[in-house]
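1. Task: produce atomic coordinates for the following.
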Amino acid sequence: MGTKGREIVGLDVEHLLELLNQAYASEWLAYYQYWLGAKLIKGPMKDAVAAELNQHAIEELAHAALLANRIIQLGGKPVLTPEGWGNVSPCKYDAPKDPYVAVLLDQNIAGEQCAIAAYKDLMDATKDKDMVTYNLALTILEDEIEHEEDLQSLREDLDLMVERGRK
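-> Next up, the predicted model:
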């Protein structure tokens, strides 16, 4: 990054790089969780849920690319290994050990809720200090909120379908 570009960041750039790498690692873990869940999913509505998981996976990968670009712009290095992702991510990776659709939806809803909190924290840290990162975090946060809503809607539909099946 250019000297002036780094200089205008009104906070500790090394700390900012840590926060960005946490988000970057979380996006890779979310990508893999969605991607693998879409392959293994079983149960009612599996095709609709798999399609949504695949779409979210694509978007999480795009988020990782945006974050990597910002990390590099700031003179940092994105986390270099998959093992490193698990070490720095504030959001846990939930392996899809139980491929039942409701379990996968619940795991991914929890992941989105963690991401929402993490991006809110990143926005709070950069507000009025680093507008480039702030706007990046806001853009990604909007997607994560939409993901949570999509998944919760599918979960509600599944619950209604199961409930009606019992009657």
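2. and E163, what element?
-> Following DSSP states H and E, one finds E163 within helix 131-166.
3. which other helices and strands contact that helix?
-> Here helix 131-166 touches helix 13-40, helix 46-73, helix 101-126, going by 3 or more CB pairs under 8 Å, 6 or more residues apart in numbering; DSSP states H and E. No exception for glycine: its C-beta is placed from N, CA and C like everyone else's.
4. What residues sit buried inside the first one?
-> Within helix 13-40, the residues that count as buried by 16 or more other CB atoms under 10 Å are 13, 16-17, 19-38, 40.
5. Would you mind checking the average pLDDT for it?
-> For helix 13-40, mean pLDDT is 97.
6. chain center to that helix, what's the gap?
-> Computed by CA atoms, centre = their mean, to the nearest Å, the chain-centroid distance of helix 13-40 equals 6 Å.
7. That one vs helix 101-126, what angle?
-> Using axes from the mean of the first three to the mean of the last three CA atoms, to 10 degrees, the inter-axis angle of helix 13-40 relative to helix 101-126 is 170 degrees.
8. Quick check: which helices or strands does helix 13-40 pack against?
-> Applying 3+ CB pairs under 8 Å, 6+ apart, one finds that helix 13-40 contacts helix 46-73, helix 82-88, helix 101-126, helix 131-166.
9. Kindly recompute the last result at 7 Å.
-> helix 46-73, helix 82-88, helix 101-126 (3 or more CB pairs under 7 Å, 6 or more residues apart in numbering; DSSP states H and E).
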